[in-house]
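1. structure here, sequence nowhere to be found:
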């Protein structure tokens, strides 16, 4: 019965008649739907029961959001390209085993695909592990690549805080065996340029070195098997006060209180190259080979930061630890420091020399350094800026609207708009044969379209059009022959803004 | 034991020493890996067993492929924007029930996510159904939107034929209640502009109307309950000769042979507006209200195509049927007709007035017309064109390479490149402190970088640089003060090509 009805439905929907077809179809569909409901349909396809929503933790991006996002992404990509980056793309899912064992406890957040016979697959959790898999698989020894793409984490979404299960990552990495700190310093330069270009307000880029942290832990007397757990405690200092972090070290992680206090003395320090000099005078610390290595590296990095003219925004901060296990050298994190923005990292990264080796059958490693812009957080900041200024983001780039002042002039409009399109002018007109002039002009104002062409019977006979400046409402007559030329002149002189 | 060893591995990888750390780590890792292998590790994370591959039917895109793709996508997006389109983005997965019942038999190709507790999800199969869900969910009555994104089909991949399980779709749709054929004709204009701009060679856009097809079937005496199945037989005419299609109609689908022959008489016909006039003289056909509706619609569409100046490439073709069930009006499909390209559609679409209504709880419908560019096939054609011409696609946009003729001049290079970056010049230098000059210049030639700056001790002392044209190998001395200005002048005068 249901199958029959569905066939009827389909046929009805397809049936073509000369009368007002859509009305008739709608009526028939309504009748059939009612019938179907009366019969009690427990089929999942029933449109009555269908939930109209996106999956938990995900969202659609509407045209306003997309316009803002694409404009920000464009700016970021321009900077990556300025530094000679290429881009690659990898599948949205990987063999599950590629992801296994890379994310520690967070592995439980990986989205698995259903086993439908064949390979066991999972959605990617970040862009770094697929990048490492790509390098190992293709035996690539050096590359400078960026990638902006979505990643997936089956987290408990805190969407009000801007945390989603599907979100964009925006990564830049330099892979290859090079001289110390040359690529590392360029990553900091890129973060600096990106945050400046996006006009997010004042920011600070904290830098530190994993070897120096290890050296500090050793100098303070932390047992080597506690380095990692103490490091993750230090990582919480950006959100929690020292007293809480100390408590975690002592009570949860069983560290001697005196040792914790010593660590506290170190991780409260930050500065510029002066901090390098101070640390060099610390005899206990200088007994630790890792510390010496870390300090030498930081010295070189900060010198390069001076050459790259980014030191105004760079802080050597001993409390920076970064959560991820795979970092092996320099680490960094950028935060916005303006009054009107919440705390939170907008960029981060570091050196990870051993990740690619985990994929290589012969454990050949490819040293890598890279960074990730916290693009979702950046988008939120930009969105609230636009909202605060009471501006509307333009969602199209239309330059000219072709309007008619009388009925049934659609063919004349089509002739004009064809000329415009064929001259690469971005133009729209109404899809109604006889739209009201007022409605057409209002549309231009709402959409921020700068110019309108208005035609009526009179203009057509005279071989002219009225060219209207939408904002000033000034009108000028232009001959049809010179129209394209005149438009191009006017458009060249305009600074088209993406907000209005 | 294994857990302990993994901790050791991690610590080893993290240990920082002043000696050649990476070599030492590698040795230790090798020893541990050997040990692990001897112990017989049956854990899935074992790097020895890890398959280095992408999932079946998927692939990575390397920088060459991405550069070509992005340049083609840019051209296409420019055309969509020229017509005033906005863009949206929807999640890569949907509630399974959103997809259920939309694709007929092909539903078996949908990728399901594993039920990890919570909602039942599936990867999107196309962009049209999520678009319809978006319109219904947000009660949007009119929008003109484009979307370029990946979709997923668990098909048996024929990768040599360019068929993948993960691939891009490139859609443009106009939703809204408008006057007949105005948006429909614009879709054809856009296909025309896109295929022209992409420079794919000669092409033809076939158009037809679902109502006309129904009218033909009715006039030939096809029973109404066989319309759909006969329509899908007709759809095969682009790949199979009429004899085979007829056999399918008669033998498989039980159609009377005489009726099939009548259909054969119709579907062999194509032309321009002349075909409209001929069909109007067909008395049997004109008795069918759907046929009259279809012919009137085609008459109007072809008239609009003349106004839009696309008739040179448009063919009214009665054999065009299109596979998808949801079309309700005009249908179209573009094919390349050059000698050197395989047959196959590079664009297609049509009107689907009832899809949004399937999602609306009150079955409110939003009429839609749209098209999809066969972007993967377009990419293959472009790739083989580039390959045939023996050209290399540039994967970066670097304009200037900063080279040194002597050792240890990296700090001087960094000063210069900072000036360039800060003036928005796209520039690279070597990440080695003392790279060989020849290697640096070879890199410029391989990468198609047009300009190189060369410095040595002499130049530094004299406050100048050598500015080298990479292709002609001509060199000229420029003072450091005027360097940026001189570069900008040279770069302005250059037409940077994406191939070399």
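-> Looks like it came in fine. None of the values given here were measured: they were computed from a predicted structure. Numbering: from 1, shown residues only, chains lettered A, B, ... in the order given.
2. residue numbers of the stretch 201-350 of chain A in contact with chain B?
-> By Cβ under 8 Å from any Cβ of the partner chain, the residues of the stretch 201-350 of chain A that approach chain B are A:210-211, A:214-215, A:224-225, A:227-228, A:289-290, A:292-294, A:304, A:307-309, A:325, A:328-329. C-betas here are computed from N, CA, C, even on glycine.
3. try it again at 7 Å.
-> The interface of the stretch 201-350 of chain A toward chain B, taken as Cβ under 7 Å from any Cβ of the partner chain, is made up of A:210-211, A:214, A:224, A:289-290, A:292-294, A:304, A:307-309, A:325, A:328.
4. quick check, nearest of these to chain B?
-> Using Cβ to the nearest Cβ, residue A:211 is the member of those that lies nearest chain B, at 3.0 Å.
5. for the closest one, helix, strand, or coil?
-> Three-state assignment for residue A:211 (DSSP: H, G, I helix; E, B strand; the rest coil): helix.
6. what's the answer for residue A:332, then?
-> strand.
7. any chance you could list what contacts stretch A:361-375?
-> A:76, A:135, A:141, A:168-177, A:183-184, A:187, A:190-191, A:194, A:330, A:345-357, B:22, B:26, B:29-30, B:33, B:48 (Cβ atoms under 7 Å, 6 or more residues apart in numbering or on different chains).
8. buried stuff in stretch A:150-158?
-> A:150, A:151, A:152, A:153, A:154, A:157 (16 or more other Cβ atoms under 10 Å in any protein chain shown).
9. filter those by proximity to chain B?
-> Applying Cβ under 7 Å from any Cβ to the buried residues of stretch A:150-158, those adjacent to chain B are A:150, A:154.
10. in strands, which of the buried residues of stretch A:150-158 fall?
-> Among those, the members falling in strands are A:150, A:151, A:152 (criterion: DSSP state E).
11. quick check: beta-bridge partners of the second one?
-> Right, the one you point to is residue A:151. In this structure, residue A:151 bridges to residue A:167 when assessed by DSSP bridges.
12. over to residue A:393?
-> Applying DSSP bridges to residue A:393 yields these beta-bridge partners: residue A:499.
13. okay, now residue A:257: neighbour count?
-> Residue A:257 sits with 11 neighbouring residues when counted by other Cβ atoms under 10 Å in any protein chain shown.
14. the nearest residue to it once chain neighbours are set aside: what secondary structure?
-> Spatial nearest neighbour of residue A:257, excluding adjacent residues (Cβ to Cβ, 6 or more residues apart in numbering or on different chains): residue A:250 at 5.2 Å. Under the three-state scheme (three-state DSSP), residue A:250 adopts helix.
15. my guess is residue A:250 meets residue A:258, correct?
-> No - the criterion here is Cβ atoms under 7 Å, and residue A:250 misses it with residue A:258 at 9.8 Å.
16. compare the two (neighbour count), which wins?
-> Using other Cβ under 10 Å as the criterion, residue A:250 and residue A:258 rank with residue A:250 on top: 17 against 11.
17. and the residue lying closest to residue A:477 once chain neighbours are set aside, what does it touch?
-> Spatial nearest neighbour of residue A:477, excluding adjacent residues (Cβ to Cβ, 6+ apart): residue A:464 at 5.0 Å. Residue A:464 sits next to A:477, A:478, A:479, A:480 when contact means Cβ under 7 Å, 6+ apart.
18. and the pLDDT at residue A:464?
-> As predicted, residue A:464 sits at a pLDDT of 97.
19. any idea how far it lies from chain B?
-> Going from residue A:464 to chain B by Cβ to the nearest Cβ, to the nearest Å gives 20 Å.
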